[in-house]
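# can't give you the sequence, but here's the structure:
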(Lines give C-alpha, C1' and ligand atoms only; values in the text may rest on other atoms or scores of the structure.)
Protein backbone atom coordinates (compact mmCIF):
# COMPACT_ATOMS: atom_id res chain seq x y z
CA UNK A 1 0.00 0.00 0.00
CA UNK A 2 1.47 3.30 -1.11
CA UNK A 3 1.37 6.08 1.47
CA UNK A 4 2.15 9.70 0.64
CA UNK A 5 3.20 12.43 3.03
CA UNK A 6 3.57 16.08 2.05
CA UNK A 7 5.89 18.43 3.89
CA UNK A 8 7.49 21.83 3.46
CA UNK A 9 4.47 24.06 3.76
CA UNK A 10 4.49 27.19 5.86
CA UNK A 11 4.22 30.96 5.90
CA UNK A 12 5.96 33.03 3.25
CA UNK A 13 5.81 36.60 2.04
CA UNK A 14 4.78 37.47 -1.52
CA UNK A 15 7.64 36.94 -3.92
CA UNK A 16 9.11 34.22 -1.76
CA UNK A 17 9.70 30.56 -2.51
CA UNK A 18 8.85 27.24 -0.97
CA UNK A 19 9.66 23.68 -1.90
CA UNK A 20 7.12 21.05 -1.00
CA UNK A 21 8.02 17.39 -0.75
CA UNK A 22 5.84 14.38 -1.43
CA UNK A 23 7.46 11.35 0.15
CA UNK A 24 6.26 7.81 -0.37
CA UNK A 25 6.47 4.85 1.92
CA UNK A 26 5.60 1.31 1.04
CA UNK A 27 6.75 1.76 -2.56
CA UNK A 28 8.88 3.99 -4.74
CA UNK A 29 7.25 6.52 -7.05
CA UNK A 30 8.95 5.45 -10.26
CA UNK A 31 5.85 3.84 -11.71
CA UNK A 32 3.47 6.62 -10.80
CA UNK A 33 2.52 9.94 -12.23
CA UNK A 34 2.29 12.45 -9.42
CA UNK A 35 -0.18 15.27 -9.37
CA UNK A 36 0.13 18.33 -7.20
CA UNK A 37 -3.26 19.81 -6.35
CA UNK A 38 -4.47 22.55 -4.07
CA UNK A 39 -7.64 23.70 -2.39
CA UNK A 40 -8.05 27.28 -1.26
CA UNK A 41 -10.74 28.22 1.29
CA UNK A 42 -14.12 28.47 -0.39
CA UNK A 43 -12.80 27.25 -3.74
CA UNK A 44 -12.81 24.00 -5.62
CA UNK A 45 -9.76 21.81 -5.66
CA UNK A 46 -7.56 22.38 -8.69
CA UNK A 47 -4.63 20.59 -10.20
CA UNK A 48 -1.46 22.67 -10.16
CA UNK A 49 0.68 20.41 -12.34
CA UNK A 50 1.55 16.80 -13.08
CA UNK A 51 4.91 15.02 -12.95
CA UNK A 52 4.44 12.09 -15.32
CA UNK A 53 6.10 8.81 -14.58
CA UNK A 54 8.43 9.41 -17.52
CA UNK A 55 9.62 12.61 -15.85
CA UNK A 56 7.78 15.24 -17.85
CA UNK A 57 6.09 18.13 -16.04
CA UNK A 58 2.72 18.82 -17.65
CA UNK A 59 -0.81 20.12 -17.09
CA UNK A 60 0.28 23.42 -15.54
CA UNK A 61 -2.55 25.46 -14.11
CA UNK A 62 -2.43 28.80 -15.93
CA UNK A 63 -1.65 30.94 -12.91
CA UNK A 64 1.45 28.94 -11.96
CA UNK A 65 3.12 28.74 -15.37
CA UNK A 66 6.64 30.08 -15.15
CA UNK A 67 6.59 30.04 -11.35
CA UNK A 68 6.05 26.41 -10.29
CA UNK A 69 7.77 23.26 -11.38
CA UNK A 70 8.28 19.70 -10.16
CA UNK A 71 11.14 17.26 -9.95
CA UNK A 72 11.91 13.80 -8.69
CA UNK A 73 14.38 13.12 -5.93
CA UNK A 74 17.38 10.84 -6.36
CA UNK A 75 16.00 8.42 -3.81
CA UNK A 76 13.04 7.68 -6.15
CA UNK A 77 10.50 7.96 -3.35
CA UNK A 78 10.15 11.74 -3.35
CA UNK A 79 8.68 14.29 -5.73
CA UNK A 80 9.14 17.99 -5.15
CA UNK A 81 7.02 21.00 -5.99
CA UNK A 82 9.17 24.12 -6.33
CA UNK A 83 7.11 27.27 -5.95
CA UNK A 84 8.69 30.62 -6.79
CA UNK A 85 7.35 34.16 -6.91
CA UNK A 86 4.54 33.20 -4.58
CA UNK A 87 1.40 35.31 -4.50
CA UNK A 88 -1.34 35.62 -1.86
CA UNK A 89 -3.69 33.77 -4.21
CA UNK A 90 -1.41 30.72 -3.96
CA UNK A 91 -2.54 30.31 -0.36
CA UNK A 92 -4.09 26.85 -0.10
CA UNK A 93 -3.70 23.36 1.21
CA UNK A 94 -1.46 21.51 -1.22
CA UNK A 95 -1.82 17.80 -1.87
CA UNK A 96 0.16 15.28 -3.82
CA UNK A 97 -1.57 12.32 -5.39
CA UNK A 98 -0.34 9.29 -7.31
CA UNK A 99 -1.78 7.35 -10.21
CA UNK A 100 -0.26 4.31 -11.88
CA UNK A 101 -0.69 5.65 -15.40
CA UNK A 102 1.50 7.50 -17.87
CA UNK A 103 -0.28 10.79 -17.24
CA UNK A 104 -2.36 12.38 -14.52
CA UNK A 105 -6.09 12.53 -14.99
CA UNK A 106 -9.23 13.24 -13.06
CA UNK A 107 -8.72 10.42 -10.60
CA UNK A 108 -5.81 9.33 -8.48
CA UNK A 109 -5.13 6.08 -6.67
CA UNK A 110 -3.41 7.52 -3.58
CA UNK A 111 -3.49 10.84 -1.75
CA UNK A 112 -1.42 12.59 0.86
CA UNK A 113 -2.93 14.43 3.79
CA UNK A 114 -1.97 17.90 2.56
CA UNK A 115 0.30 20.69 3.72
CA UNK A 116 -0.72 24.30 4.26
CA UNK A 117 0.90 27.13 2.31
CA UNK A 118 0.07 30.67 3.37
CA UNK A 119 1.37 33.67 1.45
CA UNK A 120 0.86 36.88 3.41
CA UNK A 121 1.98 40.46 3.15
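Arrived safely. A quick note: this is a predicted structure, and the numbers were derived from the prediction, not measured. Numbering: from 1, shown residues only.
# so residue 34 makes contact with residue 81?
No - applying Cβ atoms under 8 Å as the test, residue 34 and residue 81 come out as separate, 9.2 Å apart. To be clear about C-beta, it is placed using only N, CA and C from the backbone, and glycine gets the same treatment.
# what sits in contact with each of those two?
22, 70, 96 (Cβ atoms under 8 Å, 6 or more residues apart in numbering).
# hang on, residue 6 packs against residue 21?
Yes - look at residue 6 against residue 21 with Cβ under 8 Å: they come within range, at 6.8 Å.
# Which one's more surrounded, the two?
Neighbours around residue 6 and residue 21, counted as other Cβ atoms under 10 Å, are more numerous at residue 6. The numbers are 22 against 17.
# Would you agree the more buried one falls within a strand?
Yes - the assignment for residue 6 (DSSP: H, G, I helix; E, B strand; the rest coil) places it in a strand.
# quick one: it and residue 108, what's the gap?
14 Å (Cβ to Cβ, to the nearest Å).
# ok, now residue 69?
Remark: distance between residue 69 and residue 108 (Cβ to Cβ) = 20 Å.
# In terms of neighbours, single out the busier of those two.
Comparing residue 69 with residue 108 by other Cβ under 10 Å, the one with more neighbours is residue 108, at 21 against 16.
# Could you name the helices and strands sitting against the stretch of helix or strand residue 38 belongs to?
Using DSSP states H and E, residue 38 sits in strand 33-39. If contacts are counted by 3 or more Cβ pairs under 8 Å, 6 or more residues apart in numbering; DSSP states H and E, strand 33-39 sits against strand 18-25, strand 46-51, strand 68-72, strand 92-99.
# Identify whichever of those strands lies nearest to residue 39.
Residue 39 lies closest, by Cβ to Cβ, to one member of those: strand 92-99, at 5.3 Å.
# Skipping its backbone neighbours, what lies nearest residue 78 in space?
Once flanking residues are discounted, residue 78 sits nearest to residue 23: 4.9 Å by Cβ to Cβ, 6 or more residues apart in numbering.
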